[in-house]
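K.L.:
I would like to see how this sequence folds:
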Amino acid sequence: MRTLRQLGQDLIGFIEGHDHGICILVAERDHLPWVYAALQDIDVTSPHVFLSFPQAFASADDYARIVADGCLTVARERAGDAGLAPPGPTDAPAAARVRAALELTRDTILPRRTSSPRLVPVLVPLTSRSEDDSLHFTRAVAAANDGWPPWFYRMRIFVHAPPGAALGPLPRFVRVLTVDLSMAALTAGVTADANDQDVSPEQRTQALLQVASLDAANGRYDAAIAGFREVYAHTAVAPNPVFAALALSGIGDVASLRKDMLEAVAWYERALVPASETGAALLLLLVTRSLARLYFELGRHTDAETFYDGAQRLAMAVPDAMSHVEALQWRGRLQELRGAHKAAGASYLAAAHVARDHGHGALLDELRPRLAATRHRVADPLAREISTFLEEPQ
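P.N.:
This next block holds a predicted model:
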């Protein structure tokens, strides 16, 4: 996607550049996970050392403590010195404590007299209790202080500010990067890729697929179907089972949104063939879940049970705990409807264990009444196992 590629290029340009040491990311907080994802992609092949602090911002003091503790842990591990002392006074202002912690980490873990690798701290909380307080912290970190080495000496630091924030005068070594990952910006980016004859055929097909998906998400169903059909036509010229499966299932998604269940089933069933050819468990899981749901709604319970069974196996392979729980839960419901209470109890219990182990409390709450009702319809030892599970401390 062009918009995300440009974001990645801008981030790399700052990290590798020589003019700026701090980058203020001006972005909606909801868009910050995309920024972290882009930085993680860069980190995979980068020689630099990334330190990310996405933890919630409760206060400047609390966030400074999180950063200082994280930096000290990394410095001690890299230096092999568990007794390495924290830098500076603990009662110093929050920004000063952060600067000291980052400088200690840089000087401890990076080789001296070299410009690479650099330390790349990402001081960007994903949530904040107070936008005003977090903006004040950003200003304090970015401020120029006499007698304090420039940030850009073997460091490239990211901080955050919300759109429209008054940043005030900034030192020359601070760069402001506006990040727009709104639906309008993403749509414009993929549309540009889809119409760009200079990009590779695979990139253009991917862009066409993304445009069609955005059209479907925004209720432009006729345009979405036309886009998905164009993508599928491309796969006839340059075979690609992934694009073929996504295009066919995309048309199925549109039919499902239009409440045309029979039409949706027909397209999802067609998508099964290329999805199976990809060997991609996640893609096959998406199609299998869609078919299982529609088979259930159409009263084709035998088919639905078979596909939910397949979905739970695929969810284990991905792995996807939520899909695993939902597939087991609905398989249990179908078993219960045909009177197979022992099988249903085993499915519900398995789903409950997965939900508990992965912290899906809402799904677990849905399962408890099912387990309680099933417990009285099955014999030991399953009844005892269910009772034990239900009577565990909440």
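K.L.:
just the CA coordinates of whichever strand or helix holds residue 176, formatted as CSV?
P.N.:
Element membership of residue 176, judged by DSSP states H and E, is strand 174-178. Extracted C-alpha coordinates of strand 174-178, given in CSV (Å, rounded to 0.1, in the frame of the first residue of the first chain):
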residue,chain,number,x,y,z
VAL,A,174,13.6,18.3,15.8
ARG,A,175,11.6,17.0,12.8
VAL,A,176,7.8,17.0,12.7
LEU,A,177,6.3,14.1,10.6
THR,A,178,2.6,14.2,10.0
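K.L.:
Indicate each strand paired with that strand and its parallel or antiparallel sense.
P.N.:
Paired strands of strand 174-178, with direction, are strand 22-26 (parallel) (DSSP bridges).
K.L.:
buried residues in the partner strand?
P.N.:
Using 16 or more other C-beta atoms under 10 Å as the test for burial, strand 22-26 gives 22-26. Backbone N, C-alpha and C define where each C-beta goes, glycine included.
K.L.:
go on, stretch 373-389?
P.N.:
374-375, 378, 382-383, 385-386, 389.
K.L.:
Give me the residues contacting that stretch.
P.N.:
Stretch 373-389 has contacts (C-beta atoms under 8 Å, 6 or more residues apart in numbering) with 332, 336, 341-342, 344-346, 348-349, 352-353, 371, 390.
K.L.:
do stretch 257-267 as well
P.N.:
Outside stretch 257-267, the residues that touch it by C-beta under 8 Å, 6+ apart are 216, 221, 248-249, 251-253, 255-256, 290-291, 294-295, 297-298.
K.L.:
Mind picking the two most distant members of these?
P.N.:
221 and 295 (23.0 Å; C-beta to C-beta).
K.L.:
Which residue of those two possesses the greater neighbour count?
P.N.:
More crowded of residue 221 and residue 295, by other C-beta atoms under 10 Å: residue 295, with 22 against 15.
K.L.:
ok, residues contacting the strand holding residue 176?
P.N.:
Residues outside strand 174-178 that contact it (C-beta under 8 Å, 6+ apart): 10-11, 14, 19-27, 142, 163, 167, 170.
K.L.:
right, and out of the residues you listed, which lies closest to residue 84?
P.N.:
For the contacts of strand 174-178, the nearest to residue 84 is residue 21 (24.5 Å; C-beta to C-beta).
K.L.:
burial measure for the closest one, as a count.
P.N.:
Residues within reach of residue 21, counting by other C-beta under 10 Å, total 22.
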